[in-house]
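Chemist: the amino acid sequence is not available; the structure is as follows:
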């Protein structure tokens, strides 16, 4: 088959060149920050000392290309400009913040966590302050740019992807240091959402390598409950979700330093729970059995999670399990699940119909014969949606 190459427009060439320039600037910044960490007196005394106090070995620090930005107004920016990099690109990557009459380093006085793309290119940075200033955010990240979109990136994915495929499992934690600590402890199939709520794009990125995700939570019940809604997004993508809850007062970073590797793996193995069963038990334990309103809300909450699972057999298994745990008839649960799925299917159909109508309005009058084809398309879509509903048992 002959492949016809599309000739890029001038605008597309410019965009491509700009993206490459931003990547080059980011690569320079990473090398500068890492060099400062190992070769500068302040970098060694402040940045490297911090990482070593956290227990990170030198090979981990170098592997993840950690760094330090001097606690000066514009040390990095000056070095970049001196090396021939344009201020415009420094600002666009977010490394430099520009004001009307001056500019300064975004990450000054912070240890640096470079964020890599799937191919290993540095596309952004996270920075942690080592000061106790309440006005300064503990962590800050690069702003959105042509090369960095936070919602589509997972910290550590470049280093973890091979092991994720080998183990057919991905461990998901919250922060940069959680990844570093568990990776150093032997869990190399680990990534982080960088402290933000999971997005569908991040979940699909995991799905490229495995269908099995284990989320590691701190032993904080309030924090766990706040994260439950986001996990429904993972279920909706058809992934198998398990949960590991660490002992009270522990997080992945602190707990990974206590047991041996074999002990840590044993703890994870013994305490992994299926997400739906975990959520049901968590909500049951926090609900008063004698309060019918709370109990009804609990059942609705669990049913919503089951309803988003695309695979009908998996939904059936979880429905039976929850029926036993919640002491409610399966048929009642099936009825509620089907209501939710039917409503979602109707919403999707209305969206489809709306977009089709918008496209029809754009068709000139002389092309009106195409209306017949569009009507046929709508009819085919109706048949497709109804067929899917039938296959789903609705």
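Modeler: Noted; the coordinates are in hand. In this text the structure is predicted, and so the values were computed from the model without any measurement.
Chemist: where does this structure have its least confident helix or strand?
Modeler: helix 370-391 (a mean of 56; mean pLDDT, DSSP states H and E).
Chemist: ok, residue 36 touching residue 47?
Modeler: Yes. The criterion here is C-beta atoms under 8 Å, and residue 36 meets it with residue 47 at 7.3 Å. C-beta: built from backbone N, CA, C; applies to glycine.
Chemist: which neighbours do the two share?
Modeler: 67, 68 (C-beta atoms under 8 Å, 6 or more residues apart in numbering).
Chemist: of these two, who's got more company?
Modeler: residue 47 (29 against 23; other C-beta atoms under 10 Å).
Chemist: OK, contacts around that one?
Modeler: Residue 47 sits next to 36, 37, 67, 68, 111, 130 when contact means C-beta under 8 Å, 6+ apart.
Chemist: and what about the fifth one, helix, strand or coil?
Modeler: At residue 111, secondary structure determined by DSSP: H, G, I helix; E, B strand; the rest coil is strand.
Chemist: you'd agree it is up against residue 127?
Modeler: Yes. Applying C-beta under 8 Å as the test, residue 111 and residue 127 come out as touching, 7.0 Å apart.
Chemist: hang on, the earlier thing: want to throw the contacts of residue 47 into CSV with secondary structure, distance to residue 182 and pLDDT?
Modeler: Output for these, formatted as CSV (DSSP: H, G, I helix; E, B strand; the rest coil; distance: C-beta to C-beta, whole Å; pLDDT from 0 to 100):
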residue, secondary structure, distance to residue 182, pLDDT
36, helix, 26, 97
37, helix, 22, 97
67, strand, 21, 97
68, strand, 23, 98
111, strand, 18, 98
130, coil, 22, 92
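Chemist: top of those residues by neighbour count?
Modeler: That'd be residue 68 among the contacts of residue 47, by other C-beta under 10 Å, with 30 neighbours.
Chemist: report the separation between the nearest residue to that residue once chain neighbours are set aside and residue 71.
Modeler: The spatially closest residue to residue 68, leaving aside those adjacent along the chain, is residue 47, at 2.9 Å (C-beta to C-beta, 6 or more residues apart in numbering). When distance is defined by C-beta to C-beta, to the nearest Å, residue 47 is 10 Å away from residue 71.
Chemist: could you do residue 149 as well?
Modeler: Separation of residue 149 from residue 71 (C-beta to C-beta) stands at 29 Å.
Chemist: quick one: the helices in the stretch 251-394 of the chain?
Modeler: Along the stretch 251-394 of the chain, the stretches classed as helices by DSSP state H, counting those that start in this stretch are 252-255, 261-271, 275-285, 292-307, 312-326, 330-361, 370-391.
Chemist: can you give the domain ranges for the protein?
Modeler: Taking automatic domain parsing as the criterion, the chain consists of the domains 10-148, 157-271, 285-391.
Chemist: to residue 278, which of these lies closest?
Modeler: domain 157-271 (4.6 Å; C-beta to C-beta).
Chemist: ends of the closest one, what's the gap?
Modeler: End-to-end distance of domain 157-271 (C-alpha to C-alpha, to the nearest Å): 24 Å.
Chemist: for that domain, what is the average pLDDT?
Modeler: Across domain 157-271, pLDDT averages out at 88.
Chemist: what about residue 296, how many neighbours?
Modeler: By other C-beta under 10 Å, 11 other residues sit near residue 296.
Chemist: correction: the previous question concerned residue 269.
Modeler: Other residues close to residue 269 by other C-beta under 10 Å number 9.
Chemist: residue 257 too?
Modeler: So residue 257, with other C-beta under 10 Å, has 12 neighbours.
Chemist: nearest spatial neighbour of it, skipping sequence neighbours?
Modeler: Residue 257's closest residue in space is residue 55 (C-beta to C-beta, 6+ apart), at 5.5 Å.
Chemist: residue 215 reaches residue 243, doesn't it?
Modeler: Yes. Between residue 215 and residue 243 there is a contact at 5.5 Å, judged by C-beta under 8 Å.
Chemist: mutual contacts of the two, please.
Modeler: Counting by C-beta under 8 Å, 6+ apart, the residues touching both residue 215 and residue 243 are residue 275.
Chemist: and residue 343, how many neighbours?
Modeler: By other C-beta under 10 Å, the residues close to residue 343 number 11.
Chemist: separation between it and residue 15?
Modeler: According to C-beta to C-beta, residue 343 and residue 15 sit 41 Å apart.
Chemist: span of stretch 117-131 from start to end?
Modeler: Termini of stretch 117-131 sit 29 Å apart (C-alpha to C-alpha).
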